[in-house]
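# Predicted model and sequence follow; I will ask about them next.
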Amino acid sequence: MKKIWYKIIQWYMRTGLYFYYQKIQVFGTENIPKDGAVLFIGNHQNALLDALLVPTTNNRTIYFLTRASAFKNKVAKWWLSTVNMIPIYRIRDGRDSLQKNNAVFATCFEILKKGDALLIFPEGNHNIKHKVRPLSKGFTRILFGALEKYPDLQIKIVPIGFNYDYVTDYPSKVALYYGKPIAVNSYYDKTNLQDSIISIKEVCHQALRTLTVHIDDTENYNAIANHLEQQKDAFLNPKITNAKIQQIVLEKRVKPSVKKQHRNPLYILLIINTFIPWLFWKWLQNKIKEPEFIATSRFAIGISLAPIFWVLQAKIIAHFFGNQIAWYYLGISFLLVLLYTKIGIKKK
């Protein structure tokens, strides 16, 4: 029953993401092992949407490590557990809470032993900047702990590069790059664990940098990012763009620029037809302290409150004008969102 529920949620989220993103490009799915223990790792720019994009773009059943603060509410705890999310505790959750990670890691060992897949964001936090940050060693504890307990277990790491053109905008584009599998066992030496940790972190960090648009120049970051914004889909092609970044830095031709947006007229119709959820979104938007949660919050409202609001309006229309007109209205509501998403905002 849990697998059926997972598939239903997977389908619903995939549909929601199709309506939310103007374009979702996926590369390298041939690098995903069809079976056996896998740890997916990725850069982390976009809160929960990063996690949702992985199970909706490949066929593996995936367990997610999610920050424990999301599990404080009982309803949220139940909901997240039904879709294979596991809490991971950090120092900000209280030093005593870190001991709970021992049980979490033990659960991860068993997931890998069964030949299932885990998803971890090893940077340890999220940030909207186009940059792969240093990796924490938490993911190595899971990998090497599993190999210590099950020496014959074979584990693969599949790095994923998440590349968004405009992380906080709607609609926007995203490109996922699945990298070549990394054989964990070849980096594991139980007699020299510290060197094993350093080696696996370095190879994973390098893999993520090649799969992600990576602006390493902290001093000139904003200027370089603004320069790249003027080039169509520059943030969606890390191989080409990372080479351009080096050229930009070497040639010292970085000039700040301003992104201009031109709204599609469909936007007004979309607001009118989804007015109450839109008002709720504008209120919530002012409460969001971390920009990485903007897209996640907007998406959550879009896949929950908006359809409910349209159904309620359809019922009112059905009462006054009949069921046929109500069904037309409901279909047009979904079509309006789809058209706006795919046509989107023109950026220059």
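Everything's here; your move. Everything numeric in this text was worked out from a predicted model, so none of it was measured. Numbering: from 1, shown residues only.

# Kindly report the domain assignment for this structure.
Following the assignment in automatic domain parsing, the chain carries domains at 20-211, 215-259, 261-347.

# what's around Asn239, how many residues?
In this structure residue 239 is Lys, not Asn. 11 (other Cβ atoms under 10 Å). The way it works is simple: take the backbone N, C-alpha and C, and place the C-beta from them, glycine included.

# List the contacts of it.
Taking Cβ atoms under 8 Å, 6 or more residues apart in numbering, we find Lys239 in contact with Thr210.

# Distance check, it against Glu30.
Computed as Cβ to Cβ, to the nearest Å, the Lys239 to Glu30 distance reads 17 Å.

# try Val75
Counting by Cβ to Cβ, the gap from Val75 to Glu30 is 39 Å.

# Tyr89 too?
In terms of Cβ to Cβ, Tyr89 sits 36 Å off from Glu30.

# Of these two, give the one with the bigger neighbour count.
More crowded of Tyr89 and Glu30, by other Cβ under 10 Å: Tyr89, with 21 against 7.

# Does the residue lying closest to Ala300 once chain neighbours are set aside fall in a helix, a strand, or a coil region?
Among residues not flanking Ala300 along the chain, Leu48 sits closest, at 7.9 Å (Cβ to Cβ, 6 or more residues apart in numbering). Per DSSP: H, G, I helix; E, B strand; the rest coil, the local secondary structure of Leu48 is helix.

# what's the burial count for Leu48?
Using other Cβ under 10 Å: Leu48 sits among 19 other residues.

# Contacts only, for it.
Neighbouring residues of Leu48 by Cβ under 8 Å, 6+ apart: Thr296, Phe299, Ala300.

# and the last one, that's in a helix?
Yes - using three-state DSSP, the secondary structure at Ala300 is a helix.

# And it, how far from Ala47?
Remark: distance between Ala300 and Ala47 (Cβ to Cβ) = 10 Å.

# Look at these two and report which has more neighbours.
The neighbour comparison of Ala300 against Ala47 (other Cβ under 10 Å) goes to Ala47, with 23 against 16.

# Need the pLDDT of that one.
What the model reports as pLDDT for Ala47 is 88.

# ok, now which ones touch it?
So Ala47 contacts His126, Glu290, Glu292, Phe293, Ala295, Thr296 (Cβ under 8 Å, 6+ apart).

# where does the last one land on pLDDT?
Same thing as Thr296. The model's pLDDT for Thr296 equals 92.

# Next: the fourth one.
Model confidence at Phe293, given as pLDDT, is 91.

# One more: Val249?
Val249 is given a pLDDT of 64.

# Give me the buried positions along stretch 35-44.
Ala37, Val38, Leu39, Phe40, Ile41, Gly42, Asn43, His44 (16 or more other Cβ atoms under 10 Å).

# What does the third one show for phi and psi?
So the one you mean is Leu39. phi -120, psi 110 (degrees, to the nearest 10).

# same deal with the fourth one?
Phe40 has phi and psi values of phi -80, psi 130 when expressed as degrees, to the nearest 10.

# Next, the contact list for it, please.
Val54, Ile62, Ala117, Leu118, Leu119, Ile120, Ile157, Val158, Pro159, Ile160.

# Burial check on the second one, number of neighbours?
Right, Ile62. 21.

# try the fourth one
For Leu118, the neighbour count with other Cβ under 10 Å is 26.

# now swap in the third one and tell me
Using other Cβ under 10 Å as the criterion, Ala117 is surrounded by 25 other residues.

# That one against Ile62, yeah?
Yes - with contacts counted by Cβ atoms under 8 Å, Ala117 reaches Ile62, the gap being 4.7 Å.

# Any stretches of the protein with poor pLDDT?
76, 91-96, 249-263, 344-348 (pLDDT under 70).

# what are the ranges of the strands in the chain?
23-27, 37-42, 62-67, 85-88, 117-120, 155-164, 173-178, 182-183, 261-262, 346-347 (DSSP state E).

# now those strands as a markdown table including distance to Ala326?
Converted to a markdown table, those look like this (distance: least, Cβ to Cβ, whole Å):
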| stretch | distance to Ala326 |
| --- | --- |
| strand 23-27 | 31 |
| strand 37-42 | 42 |
| strand 62-67 | 38 |
| strand 85-88 | 36 |
| strand 117-120 | 40 |
| strand 155-164 | 37 |
| strand 173-178 | 34 |
| strand 182-183 | 53 |
| strand 261-262 | 34 |
| strand 346-347 | 34 |
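
# which one of the domains of the chain is the most hemmed in?
Highest mean neighbour count of these: domain 20-211, a mean of 18 (counted as mean count of other Cβ atoms under 10 Å).

# Now do that one: distance to the chain's middle.
11 Å (Cα atoms, centre = their mean, to the nearest Å).
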